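Novice: A structural model of the following input is requested.
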Amino acid sequence: MLRTTLLVSLSLFVIPACHKKDEPTGASPSASPTEPGAAPAKLAYQKLGSLPLEAEIPSDANVDDSTKSAGFPSVTVYAQPTTFIFGPGDMSDVKPTIEETKDRVAKEVDAFKGFTREDKTADGWILEGAGESMIDKKPLYTVSVRRTIAGVPYDCGTNADTKDEIARAEKLCQSLRAAK
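Specialist: Model prediction:
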């Protein structure tokens, strides 16, 4: 009962806080591209706040730099799906090894079932996994991409309802590069 009350209370504050300034409360930050008949937003490289990075993101995405409040490099890209990018720091969850990252990812997904993909890349790794939503117990998918850019590790990823959303988040994460 207390857990349900806490989740409902949090959703009343978190969901409205995630909308763009020009959208009505309760709307998804990028609701228009998912509406039937809506043209998908064009992708373009955009600077990611104060991070020395840029990524190819939808033109209607909202980039929120929370580095100052987080105490470490931290940006949220509000698109479909919302994607998180973190750099190293004292309070950061960026772990030095793939095994430690796997442990962190497994703890972040309720009823984690396991990893469906574990690929090492030239500058890091890609982890995909599955679990279930804490609220409605529906399938939940996760992706965590490690990129090392200019010698600095960055973790990029999300949890989402569909494998298609995971693929879009992974594409965004793979597009990370040093800002020009």
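Novice: quick one, what contacts residue 149?
Specialist: Contact analysis of residue 149 by C-beta atoms under 8 Å, 6 or more residues apart in numbering lists 52-53, 123, 176-178. (C-beta placed from N, C-alpha, C; glycine too.)
Novice: just among those residues, which is most surrounded?
Specialist: Neighbour counts for those, by other C-beta atoms under 10 Å, peak at residue 53, which reaches 24 neighbours.
Novice: correct me, but that residue touches residue 177?
Specialist: Yes - counting by C-beta atoms under 8 Å, residue 53 touches residue 177, with 6.8 Å between them.
Novice: ok, now which ones touch the spatially most central residue of the chain?
Specialist: Taking C-alpha atoms, centre = their mean, the centroid of the chain lies closest to residue 83, which sits 2.3 Å from it. Neighbouring residues of residue 83 by C-beta under 8 Å, 6+ apart: 76-77, 156-158, 169, 172-173.
Novice: out of these, flag the one nearest to residue 87.
Specialist: Nearest to residue 87 out of the contacts of residue 83 is residue 156 (C-beta to C-beta; 10.1 Å).
Novice: please identify the helix or strand for that closest one.
Specialist: Using DSSP states H and E, residue 156 sits in strand 152-160.
Novice: average pLDDT across the next helix or strand after that strand?
Specialist: Going down the chain from strand 152-160, the next helix or strand is helix 163-174, by DSSP H and E. Across helix 163-174, pLDDT averages out at 97.
Novice: what are the pairing partners of the following helix or strand past helix 163-174, and which direction each?
Specialist: Beyond helix 163-174 on the C-terminal side, the first helix or strand identified by DSSP H and E is strand 177-178. If you go by DSSP bridges, strand 177-178 pairs up with strand 53-58 (antiparallel).
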